[in-house]
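**Q** What would the 3D arrangement of this be:
(chains A and B)
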Amino acid sequence: MTQVNHLIEIQGLKKTYQSGNTKVDAIKQMEFFIDDEEFITIMGQSGSGKSTLLSIMGALNQPTQGKVLVDSLDLYSLSGEQRADFRSEYIGFIFQSFQLIPYLTVLENVKLPMAVTGQKKKIKNQMALEVIQRVGLETKANRLPDQLSGGEQERVAIARAIVNKPPIILADEPTGNLDTKTANEIMMLLQSLNEEGHTIIVVTHNSDMGAYATRSIKVQDGECFA
Amino acid sequence: MKLHNISFGNIKRRKGKMLFLVLGLVIGISTVVTLLSITESMTKNIEERLNQFGANIVMVPKSENLSLNYGGIDVGGVNYQVREFDQEKLADIKTIKNYKNLSIIAPKVLGPVKVNNKNVLLMGVIFEEELALKTWWQKTGGTFPQKENDVILGSGVASLFGFKIGETISLSGNPFNVATILKPTGASEDDAIIAGLSVSQNLLGKEGRLSMVEISAFCQGCPITELTLQIAEKFPNAKVTAMKQAVMSKMQSIDMFRSFSLGISIIVIFIGSLLVLVTMMGSVNERTREIGIFRAIGFRRGHVMQIILLEALLLGIIGGILGFVIGNLIAYGIIPLVMKDGVFAGINANLGIVSILMAVALSLLASLYPAFKASNMDPSEALRSL
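**A** Here you go, the predicted model:
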């Protein structure tokens, strides 16, 4: 029997939050896998547990039970600092509402993940300018985030997520604050990144976004339905 | 992109908060600098005044008998052999460790001379040294001695014999010119004739001998008793006495002020540190979201700590420099108000370095806990605020 290695494997995942004396099961039981170069949308209503799932897959949130294996590596058997290194190397995050650092320019925001990597300044600059060009913002590299439109800020967030060339990109409601036209442009950009070899996992409550994905996982009441 | 770009960027963005933090440091450091500058100026001022005040070390030949004299009243009856120093040996005083702290060395020879068949005390001095030491001597007219046979008369001698300025008097048969008469001083010189050292030694038959040496000394940081010990070591046949009262009372008041300054400085620095701590904590709490992003994109705990401590370091340097400059300006302005004839002692470069180091240390120490808290923030918790 041949063992198939998936890029991400979620095994018996459970996450419970303690809120005062009440326990809330954000994730009751989940079990699924994601293969390399897939474009996955995780869809569900608000409070369904999809953002918690994303943070657990991103090595940010220790599950109460279960395992997350990335390239067969059990993420939560690593120390906190090892997980930080893992995030730096493997994961590109695109947060809800862009989450750019307001006092840094577009170029500096994009270079942020490289502040803790060892490349030379010249190489960092070159890599950052390449991705800024890739998202179509080359003329706005020296602007501050508040001088950009919502769609442009989202593009900066995408550029920041891909600058270290991570194999996995996790996006939490990337189109949540955008109009339909801009949202479609962003999803097309993510689609093209997927075609370039990135595995994309997008959490969204918008079922229309599923059209861009190779596969959708539905999350409801802390459980998933592939 | 380096971590320091993030620190600089944050300082630039949160100017108001950072200004408040720097203010805490500036208040602390400038208070310390002001108080230290005032103390230093006070010490310097007292040093100058003590020089004007006269001798504070007296060196006399050792005697086996005790003096039967108090406040100029001799209850005598006991005659003892008056011993003297060898004038040549006085040069040895230059070899003591703190020689540079001896500002005036005034040797003298004492002995009786016959004036109109009466014995009068003759005091042979080096006029240059003596006049520098006895700044309170005031002449009634004429000039201080300029020629070898010029003498000064004490007020008592002048009134007893009715001598006038410019008159020629006979001392043990030798003619001398009265260059000036002193106003009453209330001290021994009122009853003395003061002449040049070598002339007096000849008149008294004490060539190359000295009866006593008065010394004006001031030593910042070393007690006057130590100076007397150093002199006594060099002159085993001399009794070296420190007139400690004058110095000690002045030094005591400086010491009291110094202790007071230290107390105030500690309190102000403590308050300044609290201000830094509270501001840094506020800044860290405000930046929860930002720290969450840093951690999510792969920053280690140490990186987050570096960002916060780098800000603290930078603000510490700014606070230290500003505190030093402002402290000196305050001291410059305040010294003439708190000290009569007080003059600012000048900018002390060492104090500048210490101020900056102190501000940096304070800023770093006060930011240590906020930095630790920030670095230990659970990234998932921090990201929940997104």
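
**Q** just checking, what packs against the helix or strand containing B:Ile330?
**A** Assigned by DSSP states H and E, B:Ile330 belongs to helix B:301-338. Applying 3 or more Cβ pairs under 8 Å, 6 or more residues apart in numbering or on different chains; DSSP states H and E, one finds that helix B:301-338 contacts helix A:80-90, helix B:3-13, helix B:15-53, helix B:244-286, helix B:288-296, helix B:349-375. To be clear about C-beta, it is placed using only N, CA and C from the backbone, and glycine gets the same treatment.

**Q** can you rerun that using 6 Å?
**A** helix B:3-13, helix B:15-53, helix B:349-375 (3 or more Cβ pairs under 6 Å, 6 or more residues apart in numbering or on different chains; DSSP states H and E).

**Q** could you give the angle of it to helix B:3-13?
**A** Interaxial angle of helix B:301-338 relative to helix B:3-13 (axes from the mean of the first three to the mean of the last three Cα atoms, to 10 degrees): 50 degrees.

**Q** Kindly calculate the angle that helix B:301-338 makes with helix B:244-286.
**A** 140 degrees.

**Q** quick one, helix B:301-338 and helix B:15-53 angle?
**A** Between helix B:301-338 and helix B:15-53, the angle comes out at 40 degrees (the same axes, to 10 degrees).

**Q** Point to the residue nearest the middle of chain A.
**A** For chain A, A:Leu170 is the residue whose C-alpha lies nearest the centre (Cα atoms, centre = their mean; 1.3 Å).

**Q** Please name every helix or strand in contact with the helix or strand that residue falls within.
**A** Assigned by DSSP H and E, A:Leu170 belongs to strand A:168-172. Helices and strands touching strand A:168-172, by 3+ Cβ pairs under 6 Å, 6+ apart, are helix A:50-57, strand A:91-94, strand A:199-204.

**Q** Same list, the ones you listed, but as CSV with mean pLDDT, distance to chain B and mean neighbour count please.
**A** Below are those laid out as CSV (pLDDT from 0 to 100; distance: least, Cβ to the nearest Cβ, whole Å; neighbours: other Cβ atoms under 10 Å in any protein chain shown):
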stretch, mean pLDDT, distance to chain B, mean neighbour count
helix A:50-57, 90, 5, 24
strand A:91-94, 92, 5, 25
strand A:199-204, 93, 13, 26
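
**Q** about what we covered before: of the helices and strands packed on helix B:301-338, which is nearest chain A?
**A** Chain A sits nearest to helix B:3-13 of all the helices and strands packed on helix B:301-338, at 3.7 Å, using Cβ to the nearest Cβ.

**Q** Can you check the pLDDT for the closest residue to B:Gly298 other than its chain neighbours?
**A** Leaving out its chain neighbours, the residue that sits closest to B:Gly298 by Cβ to Cβ, 6 or more residues apart in numbering or on different chains is A:Ser88, at 2.5 Å. As predicted, A:Ser88 sits at a pLDDT of 92.

**Q** cool, and B:Leu182?
**A** Per-residue pLDDT puts B:Leu182 at 93.

**Q** OK, contacts around it?
**A** Counting by Cβ atoms under 6 Å, 6 or more residues apart in numbering or on different chains, B:Leu182 touches B:137, B:154-155.

**Q** could the residues you listed go into JSON lines alongside pLDDT?
**A** Compiled in JSON lines, those are given as follows (pLDDT from 0 to 100):
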{"residue": "B:Trp137", "pLDDT": "88"}
{"residue": "B:Gly154", "pLDDT": "93"}
{"residue": "B:Ser155", "pLDDT": "92"}
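
**Q** Ranking by neighbours, what's the top pick from the residues you listed?
**A** B:Gly154 (25 neighbours; other Cβ atoms under 10 Å in any protein chain shown).

**Q** I figured it was touching B:Ala192, is that so?
**A** Yes - the criterion here is Cβ atoms under 6 Å, and B:Gly154 meets it with B:Ala192 at 4.8 Å.

**Q** ok so, going back, distance from the helix holding B:Ile330 to the middle of the chain?
**A** Taking Cα atoms, centre = their mean, to the nearest Å, the mean C-alpha location of helix B:301-338 is offset from the chain mean by 27 Å.

**Q** what mean pLDDT would you report for it?
**A** For helix B:301-338, the mean pLDDT works out to 92.

**Q** A:Val24 - that's part of a strand, no?
**A** Yes - A:Val24 forms part of a strand when assessed by DSSP: H, G, I helix; E, B strand; the rest coil.

**Q** for it, which residues make a bridge with it?
**A** Beta-bridge pairing of A:Val24 under DSSP bridges involves A:Tyr17.

**Q** thought it was touching A:Lys15?
**A** No - in this structure, A:Val24 is not within contact of A:Lys15 by Cβ under 6 Å, at 9.3 Å.

**Q** The two: who's more crowded?
**A** More crowded of A:Val24 and A:Lys15, by other Cβ under 10 Å: A:Lys15, with 23 against 12.

**Q** Ends of stretch B:374-381, what's the gap?
**A** 12 Å (Cα to Cα, to the nearest Å).

**Q** Tell me which residues of that stretch come out buried.
**A** Burial within stretch B:374-381, assessed by neighbour count using 16 or more other Cβ atoms under 10 Å in any protein chain shown, is assigned to B:374-375, B:377, B:379-380.

**Q** Can you pull out the low-pLDDT segments for chain B?
**A** Low-confidence segments of chain B (pLDDT under 70): B:47-55, B:63-82, B:218-223, B:244-251, B:340-341, B:384-386.

**Q** repeat that with 80
**A** Within chain B, the ranges that satisfy pLDDT under 80 run B:1, B:43-56, B:62-83, B:217-225, B:242-255, B:338-343, B:345, B:379-386.

**Q** hmm, back to that, just the closest of the contacts of B:Leu182 to chain A, please.
**A** Nearest member of these to chain A, counting by Cβ to the nearest Cβ, is B:Trp137, at 72.3 Å.

**Q** Three-state assignment for that closest one, please.
**A** Three-state assignment for B:Trp137 (three-state DSSP): coil.

**Q** How about it, nearest residue that isn't a chain neighbour?
**A** With Cβ to Cβ, 6+ apart as the measure, B:Leu182 is the residue that lies nearest to B:Trp137, at 5.6 Å, once sequence neighbours are left out.

**Q** Okay, that neighbour and chain A: tell me how far apart.
**A** Shown here: B:Leu182 relative to chain A, a distance of 78 Å by Cβ to the nearest Cβ, to the nearest Å.

**Q** Now that residue. Its backbone dihedrals?
**A** Torsion angles at B:Leu182 (phi, psi; degrees, to the nearest 10) stand at phi -80, psi 150.

**Q** So what sits opposite it in the bridge?
**A** Where B:Leu182 sits in a bridge, its partners, by DSSP bridges, are B:Lys139.

**Q** coming back round to it: tell me the helix or strand right after the strand holding A:Leu170.
**A** Using DSSP H and E, the helix or strand that follows strand A:168-172 in sequence is helix A:180-195.

**Q** how big is the angle separating that next one from strand A:168-172?
**A** Going by the same axes, to 10 degrees, helix A:180-195 makes 160 degrees with strand A:168-172.

**Q** buried residues in helix A:180-195?
**A** Within helix A:180-195, judged by 16+ other Cβ under 10 Å, the buried ones are A:182-187, A:189-191, A:193-194.

**Q** List, one by one, the residues from the stretch 201-350 of chain B near chain A.
**A** B:293, B:296-300, B:303 (Cβ under 6 Å from any Cβ of the partner chain).

**Q** nearest to B:Ala106, of those residues?
**A** B:His303 (69.9 Å; Cβ to Cβ).
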